[in-house]
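1. sequence first, then the predicted structure:
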There are 2 protein chains.
Amino acid sequence: MNDVFKALADPTRRRVLQILKAGPRPAGELSAAFPVSKPTMSAHFSVLKQAGLVTTEKSGKSIIYHLNVSVLEEALLGFSEAFGFGRNAVDAPQERPQ
Amino acid sequence: MNDVFKALADPTRRRVLQILKAGPRPAGELSAAFPVSKPTMSAHFSVLKQAGLVTTEKSGKSIIYHLNVSVLEEALLGFSEAFGFGRNAVDAPQERPQ
DNA sequence: ACAACGATTAGATGATTAGCTAATCGTCTA
DNA sequence: TAGACGATTAGCTAATCATCTAATCGTTGT
């Protein structure tokens, strides 16, 4: 779960996820959407994959990246709910006695 | 908003926020909960404050840290909702035509 | 078989970061 | 006013990170 937050710390990687939200994309097409080199993007993909946020599928010469929504949901909503503003805000002690 | 995700990337800082969720705490008491030096913790506090995730209040010799829930909520839920699993999952195109 | 192409790996570099110790600052109290 | 104490700042180091170019790998088509 730490890997997920680490992955989300970079704006480029967050945007990759948002692009992937609209559907799977080959690495090259993703790379083309950013002003950095392809190897740099490949490193970003690697971080996202390591965190489980994306999965890959080989298709001929291309490698297709898929968003893994469940991992993102689990990390983000899990953390959110610990602070009481998730879906079901339950038993969250708000203030400390003293 | 990037500052928020950067701040959340470190497990120590995430735990500070979770401790603060139960109520305000002086810097020293927060520091005592972690196996690192006080200056190191002070630097973490600085990152959290920079991101707007905490606010401070002086009280005599102590500096009391407060959790700023709204900033956390805005960042986390805002991002979540962009993926369709926030409160109101609206008009999220799931697949791409081609 | 080989050239072309999509993508990753290797290797290097500059910037940022988390950590430490030592020094400083501000507030309280004897 | 002089300690004592909570906390931060200063200055340093080691590690991580984002980025680049050049080289390699795997697949396709001629």
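-> Done, it's in.

2. how about the residues of chain A near DNA strand C?
-> Within chain A, the positions adjacent to DNA strand C are A:26-29, A:31, A:38-39, A:41-43, A:45-46, A:56, A:61-63 by C-beta under 7 Å from any atom of the strand. In this view, the C-beta of every residue, glycine as well, is placed from N, C-alpha and C.

3. what's the closest of those to chain B?
-> Nearest to chain B among the residues of chain A next to DNA strand C, counting by C-beta to the nearest C-beta, is A:E29 at 10.6 Å.

4. picking that back up, inside strands: which ones of the residues of chain A next to DNA strand C?
-> Within the residues of chain A next to DNA strand C, residues falling in strands by DSSP state E are A:P26, A:T56, A:S62, A:I63.

5. got a list of what the nearest residue to A:M41 once chain neighbours are set aside touches?
-> In this structure, A:M41 finds its nearest non-sequential neighbour in A:S31, 4.1 Å apart by C-beta to C-beta, 6 or more residues apart in numbering or on different chains. Counting by C-beta atoms under 8 Å, 6 or more residues apart in numbering or on different chains, A:S31 makes contact with A:K38, A:M41, A:S42.

6. ok, back up a step: buried subset of the residues of chain A next to DNA strand C?
-> Those of the residues of chain A next to DNA strand C that meet the buried threshold are A:P26, A:A27, A:S31, A:M41, A:F45, by 16 or more other C-beta atoms under 10 Å in any protein chain shown.

7. could you export these as CSV, including pLDDT and distance to DNA strand D?
-> Shown next, in CSV, are those (pLDDT from 0 to 100; distance: C-beta to the nearest atom of the strand, whole Å):
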residue, pLDDT, distance to DNA strand D
A:P26, 98, 12
A:A27, 98, 12
A:S31, 98, 10
A:M41, 98, 8
A:F45, 98, 11
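
8. please report phi then psi for A:G23.
-> Backbone torsions of A:G23, given as degrees, to the nearest 10, read phi 140, psi 160.

9. how many other residues sit next to it?
-> Number of residues near A:G23 (other C-beta atoms under 10 Å in any protein chain shown) recorded here: 15.

10. repeat that for A:S37.
-> The number of residues packed around A:S37, counting by other C-beta under 10 Å, is 10.

11. would you mind listing what in chain A touches chain B?
-> Contact residues (C-beta under 8 Å from any C-beta of the partner chain) of chain A with chain B: A:2, A:5-6, A:8-9, A:11, A:14, A:17-18, A:21-25, A:69, A:72-73, A:76-77, A:79-80, A:82-85, A:87, A:92-96.

12. any buried residues in the lowest-mean-pLDDT helix or strand in chain A, and which?
-> Scoring the helices and strands of chain A by mean pLDDT, DSSP states H and E places helix A:69-82 at the bottom, with a mean of 92. Within helix A:69-82, the residues scored as buried using 16+ other C-beta under 10 Å are A:V69, A:V71, A:L72, A:A75, A:L76, A:L77, A:F79, A:S80.

13. could you measure from the nearest residue in space to the fifth one that is not next to it in sequence over to A:A51?
-> What it means is A:L76. Counting by C-beta to C-beta, 6+ apart, A:L76 lies nearest to B:S80, which is 5.0 Å off, once chain neighbours are set aside. From B:S80 across to A:A51, the span is 16 Å (C-beta to C-beta, to the nearest Å).
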